[in-house]
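[1] I would like to see how this sequence folds:
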Amino acid sequence: SFPGGRRDPADGDAVATALRETREELGVAVAATSVWGQLRTLPDRQGMTVAPVVANLGPLDALTLNPNPDEVEEVFTLPLAHLLREENQGYTHFRTAGGYGYTLPVFLNGPHKVWGLTAIITELTLELLVPGRY
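    I've put the predicted structure just below:
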C-alpha cells in the first residue's frame, strides 16, 4: 500500500497529511512544491475516506528510503514501463455473501501483487499520467 494514515489536527489538509505520513513511514521529506495534485476521494473497506495525493519524488535511484520498521514491513517500487505491460495487469473478481459481485484491478510483480485500494489508486494514476496507453 502507499503511505497514509489518519489526518492529525495539525495537518492543514489532505496534502499535508500525505506529506507527513510519507515522512513518518518512509523517511522521505517531500516538498509541497513537488505535489502534482489530489485524485478523487475513495472509500476504503472500513468506510473511511481516502484522499490520494500524487507527487513527483524525482528519480528513484536518487531517493533514499528509511522505512519506519514499526509501520512498514517491506518497500518495493514498480517502474511505469512495468505497470504498462499487459502481462503485468489483471483483474480480481469478488463476490459478497449477498451475491453482489465486483471487479478490481491487480498488478503483478514477481512475489508482489498490487491489489485492492492500492491497485485502484495505481490505475487512476496511470489513467492520468499516460492517457491512451493504459
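
[2] Select the longest strand from this protein.
    Using DSSP state E, we find that the single longest strand of the chain is strand 101-109.

[3] Kindly state the domain boundaries assigned to this protein.
    If you go by the TED database, the domain ranges for the chain are 1-75, 76-133.

[4] now those as a markdown table including mean pLDDT and mean neighbour count?
    Any C-beta I mention is one placed from the backbone N, CA and C, and that applies to glycine too. Converted to a markdown table, those look like this (pLDDT from 0 to 100; neighbours: other Cβ atoms under 10 Å):
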| stretch | mean pLDDT | mean neighbour count |
| --- | --- | --- |
| domain 1-75 | 93 | 13 |
| domain 76-133 | 92 | 13 |
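
[5] returning to that earlier point: what are the contacting residues of the longest strand of the chain?
    76, 78, 82-83, 87-95, 113-116, 119-120, 122-123 (Cβ atoms under 8 Å, 6 or more residues apart in numbering).

[6] taking those one by one, which sit in helices?
    82-83, 116, 119-120, 122-123 (DSSP state H).

[7] any idea how far the nearest residue to residue 112 once chain neighbours are set aside lies from residue 111?
    Excluding the flanking residues, the one nearest residue 112 by Cβ to Cβ, 6 or more residues apart in numbering is residue 76, at 5.7 Å. For residue 76, the distance to residue 111 (Cβ to Cβ, to the nearest Å) stands at 9 Å.

[8] Can you get me the start-to-end distance on stretch 50-66?
    Length of stretch 50-66, first residue to last, Cα to Cα, to the nearest Å: 24 Å.

[9] What ranges does this protein have for its strands?
    35-38, 42-43, 49-50, 53-55, 89-95, 101-109, 112-114.

[10] For residue 127, which of these is the nearest?
    Across the strands of the chain, residue 127 has its closest neighbour in strand 101-109 (10.7 Å, Cβ to Cβ).
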